[in-house]
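> sequence first, predicted model second:
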Amino acid sequence: MANWCSNTVVFEGEPEAIEQIQQLFKTMIEKQQQENCGQLPEFSDDTKGDWFFDIYQDDDVIGIFQYETKWSPNIEVVQKIAEHYKVDFVQEYAEVGNQIYGKATYSNGILDDVCLSDEDLEQYRYDEQTDRYYFENEEYESDCEILEILLSRKLAVL
C-alpha cells in the first residue's frame, strides 16, 4: 500500500491559460469519480505512475488544486502542464512518513525544488511519552509548524 503525498499547486499565468487548466482538472476530477482511479492529463506520457488522486478544488478559487500522489510529489507532470499551457506554478508537498516536505517553483521556464533533508529533519524530536514534538526549546503538538519553519529558513538562504 502506498504512502500518500499531499500536494497543493497554484498555477499563475494568463487568464485564458488558467481557465484551460481549470477545465483540464475538472475533466480529471470527473474521470476520477467515474473510473475510481488516478488521473493524468491526456498529453502526458508519464510512465512513473505520477497520477493525481483525490483531486480537490474549492469552487470559489481559480488555479489552485489539492490532490494526493503515491509516495512522492509529481513535479514532472505538473511541469508538463505548466509548459503545455505556458504558465508558472508553485507546488507544496508533504509525505512526512517518508520524510518528504518541500516546495517546487516553476517560473519563466526554470524549476526550483527545495525540500528538507535528513539533516534538516534531525533538528527536532518526537517524545512518545508526552506525544509532543520538541524544537529549539519549544514544545509543539504537531510537527507541521516545525516543518514550515525549517522550510522557510531553507528557502530564505537560497
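Done, it's in.
> OK, contacts around the residue nearest to residue 141 when sequence neighbours are not counted?
Among residues not flanking residue 141 along the chain, residue 132 sits closest, at 6.5 Å (Cβ to Cβ, 6 or more residues apart in numbering). For every residue, glycine as well, the C-beta is placed using N, CA and C. For residue 132, the contacting residues are 126, 139-141, by Cβ atoms under 8 Å, 6 or more residues apart in numbering.
> repeat that with 7 Å
139-141 (Cβ atoms under 7 Å, 6 or more residues apart in numbering).
> what's next to the helix ranked longest in the chain, contact-wise?
Taking DSSP state H as the criterion, the chain has its longest helix at helix 15-35. Residues outside helix 15-35 that contact it (Cβ under 7 Å, 6+ apart): 11, 39, 41, 52, 55, 57, 62-63, 65, 81, 85-87.
> try it again with 8 Å
With Cβ under 8 Å, 6+ apart, helix 15-35 has contacts from 11-12, 38-41, 52-55, 57, 62-63, 65, 81, 85-87.
> just those: which are in helices?
81, 85.
> now the buried members of the contacts of helix 15-35.
11, 38-41, 52-53, 55, 57, 63, 65, 81, 85, 87 (16 or more other Cβ atoms under 10 Å).
> TSV for the residues you listed, including pLDDT and distance to residue 103?
Shown next, in TSV, are those (pLDDT from 0 to 100; distance: Cβ to Cβ, whole Å):
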residue	pLDDT	distance to residue 103
11	98	15
38	92	23
39	94	23
40	93	22
41	93	22
52	96	18
53	96	20
55	96	20
57	91	20
63	95	17
65	97	15
81	97	17
85	98	21
87	98	17
